[in-house]
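> Got a predicted structure plus its sequence, pasted below:
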Amino acid sequence: GANSDAEGGVLRGLFATKRIRKNEMLLSIPYNSLITLERIYADAIIGPILLQNSRKGMDENMDKGMDEVALLVIYLLYQSSLGKESPIDPYLNLLRHNSNVDR
């Protein structure tokens, strides 16, 4: 469902319509659907660049290199630049459709 927060933004979440048993699986997401650091670093084009810069920052004791959020943002921007050629284009379209960026 969706509700509004105090600032008027939309919150997303799940709610139960029936009693949930302890240890009951509610949702299963295939591992290959996740955007992980492993997946980011495995990208043939941007992966080596991000990995090198991340390690460089770690070597120079700069806040442990790039943080995971920065890596994710750069990866998503890169994938977005690929348009329909991106393997995650359907996901990016959902993000674009459901964001408040253009509003």
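Noted; the coordinates are in hand.
> Residue most distant from the centroid, this structure?
Distance to the chain centre peaks in the chain at R19, reaching 30.2 Å (criterion: CA atoms, centre = their mean).
> Please tell me how far that one sits from S28.
Distance of R19 to S28, given as CB to CB, to the nearest Å: 20 Å. Every C-beta, even on glycine, is put in place using the N, C-alpha and C of the backbone.
> again with L76
L76 is 24 Å from S28, by CB to CB.
> Then T36?
16 Å.
> now swap in G47 and tell me
27 Å.
> These two: which has the busier surroundings?
G47 (17 against 5; other CB atoms under 10 Å).
> those strands in the protein, which residues are they?
Ranges of strands in the chain, per DSSP state E, are 2-4, 10-12.
> mean pLDDT for these: which is lowest?
Lowest mean pLDDT within the strands of the chain: strand 2-4, at a mean of 54.
> model confidence over stretch 15-27, on average?
Computed over stretch 15-27, the average pLDDT equals 90.
> How far off centre is it?
Stretch 15-27 has its C-alpha centroid displaced from the chain centroid by 25 Å (CA atoms, centre = their mean, to the nearest Å).
> can you check stretch 35-50 too?
Worked out by CA atoms, centre = their mean, stretch 35-50 lies 13 Å from the chain centre.
> Give me the contacts around it.
Stretch 35-50 is contacted from outside by 51, 66, 68, 71-72, 74-76, 78, 88, using CB atoms under 8 Å, 6 or more residues apart in numbering.
> Endpoint to endpoint, it covers what distance?
Stretch 35-50 has its terminal residues 15 Å apart, counting by CA to CA, to the nearest Å.
> Stretch 51-68 now?
11 Å.
> Tell me, please, the helix or strand in the chain that averages the lowest pLDDT.
Ranking every helix and strand in the chain by mean pLDDT, DSSP states H and E puts strand 2-4 at the bottom, with a mean of 54.
> Please spell out the ChimeraX selection for the buried subset of the contacts of stretch 35-50.
Of the contacts of stretch 35-50, the buried ones go into a single ChimeraX selection, burial set by 16 or more other CB atoms under 10 Å:
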select :51,66,71,74,75,76,78,88
